[in-house]
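Chemist: here you go, sequence then predicted model.
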Amino acid sequence: MQLEINVVDAFTDTIFKGNSAAVIITEHWLSDDLMQSIAFENNLSETAFIVADDKGIYHIRWFSPFTEIAFCGHGTLASAFVLFKKNPTLTSIQFSAKAVGVLTVAKMDSGKMQMDFPNRMPEKVNEIPESLSLGLSIVPVEVYRNEKAYFVVCDSESDVLNISLDNEKLKELSPLNVVVTCQAESDTYYHYDFISRYFWLNNGGGEDPVTGSVHTGLAPLWAERLAKNDLVAYQASRRGGVLDCVVADDRVFISGHAVKYMTGFITVEES
């Protein structure tokens, strides 16, 4: 069986930046084992698999090299990019995912794509887990959490950029991962409202380059702190990525560019 595969860099307009995702469109679902094997072989943050139904809704599943992921923003952006290229008359796409319901992605005049996600505002943690305190090179003073991660609010950009981890300690927080964030203040990041880094040791194995889903928690957190609902975020990984965020009640709209790296074919056998 031959499958088309597209690799897309999401949340960037520059190749080799942002976060890479593979996108595979099939007429029916492959077996879970085969999808996981393909994701492992691709060795990207995520591989997205898409199956369209007769109502024009695209059902989507995301796999890291290690496990299926409940919710992936950059994989959704990459998938929308591929579908818009294949169907240039489309102005919006509806995805359906088990954990988050129906997600709409709209094509914008700027060339960006805007994703409509649920608001996952984190709640403040009164008792900071010991594993989190021991797992970071800084002392976490202000911590929040939602169903995806612990959110550590740092005092300075230096704390975010230079943080080091004790991976074994942070793995004890499973199934939650860790994001560190601060307000953007320096000349380097003056274009942005806040910066972050995301470590998904319990799902992906290291630092994720750019993470759309975690911004459904970061954006409302910073919207409340900065008293503004329109924000521009920068995820300060080695690759880096830019996310435009709008917080509107129970929804968070996240926009970004994407650029194609590769289109090719893979040959697999389904048992």
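Modeler: Cool, got the structure.
Chemist: against residue 182, how distant is the nearest residue to residue 122 once chain neighbours are set aside?
Modeler: Distances taken as CB to CB, 6 or more residues apart in numbering place residue 144 nearest to residue 122, at 3.7 Å, with adjacent residues excluded. C-beta coordinates here come from the backbone N, C-alpha and C atoms, glycine included. According to CB to CB, to the nearest Å, residue 144 stands 13 Å off from residue 182.
Chemist: looking at these two, which is more packed in?
Modeler: residue 182 (22 against 19; other CB atoms under 10 Å).
Chemist: looks like the more buried one contacts residue 160 (just checking).
Modeler: Yes - taking CB atoms under 8 Å as the definition, residue 182 is a contact partner of residue 160 at 5.1 Å.
Chemist: where do the contact lists of those two overlap?
Modeler: Shared contacts of residue 182 and residue 160 (CB atoms under 8 Å, 6 or more residues apart in numbering): 154, 195, 196.
Chemist: show the backbone phi and psi for the first one.
Modeler: Think residue 154. phi -100, psi 160 (degrees, to the nearest 10).
Chemist: residues contacting it?
Modeler: Counted by CB under 8 Å, 6+ apart, residue 154 has contacts 138, 160, 163, 180, 181, 182.
Chemist: the fourth one bridge partners, please.
Modeler: Going by DSSP bridges, residue 180 is paired in beta bridges with residue 152, residue 197.
Chemist: can you pull out the low-pLDDT segments for the stretch 51-200 of the chain?
Modeler: Regions of the stretch 51-200 of the chain meeting the criterion pLDDT under 70 are absent.
Chemist: show me the strands in it, by range?
Modeler: When assigned using DSSP state E, counting those that start in this stretch, the strands of the stretch 51-200 of the chain occupy the ranges 58-63, 68-69, 92-97, 101-107, 113-118, 123-124, 142-145, 149-153, 177-183, 194-199.
Chemist: roughly how far apart are residue 241 and residue 223?
Modeler: 19 Å.
Chemist: mind listing what the closest residue in space to residue 116 that isn't next to it in sequence touches?
Modeler: Distances taken as CB to CB, 6+ apart put residue 104 closest to residue 116, at 4.5 Å, once the chain neighbours are dropped. Applying CB under 8 Å, 6+ apart, we find residue 104 in contact with 92, 93, 94, 95, 115, 116.
Chemist: any idea what the fifth one is bridged to?
Modeler: Using DSSP bridges, the bridge partners assigned to residue 115 are residue 105, residue 254.
Chemist: that one touches residue 251, doesn't it?
Modeler: No - at 10.1 Å, residue 115 does not count as touching residue 251 under the criterion of CB under 8 Å.
Chemist: those two: which has the busier surroundings?
Modeler: The neighbour count for residue 115 versus residue 251, taken as other CB under 10 Å, is higher for residue 115 (25 against 14).
Chemist: the helices in the stretch 151-271 of the chain, which residues?
Modeler: 157-162, 167-171, 215-226 (DSSP state H, counting those that start in this stretch).
Chemist: out of these, which gets nearest to residue 133?
Modeler: helix 167-171 (8.7 Å; CB to CB).
Chemist: put the alpha carbons of that closest one into CSV.
Modeler: In CSV, the C-alpha atoms belonging to helix 167-171 read as follows (Å, rounded to 0.1, in the frame of the first residue of the first chain):
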residue,chain,number,x,y,z
ASN,A,167,14.1,14.8,33.4
GLU,A,168,13.6,11.9,35.8
LYS,A,169,12.0,14.1,38.4
LEU,A,170,9.7,15.7,35.9
LYS,A,171,8.6,12.4,34.5
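Chemist: is the residue nearest to residue 122 bridged to anything, and to what?
Modeler: Bridge pairing for residue 144 - DSSP bridges - gives residue 124, residue 151.
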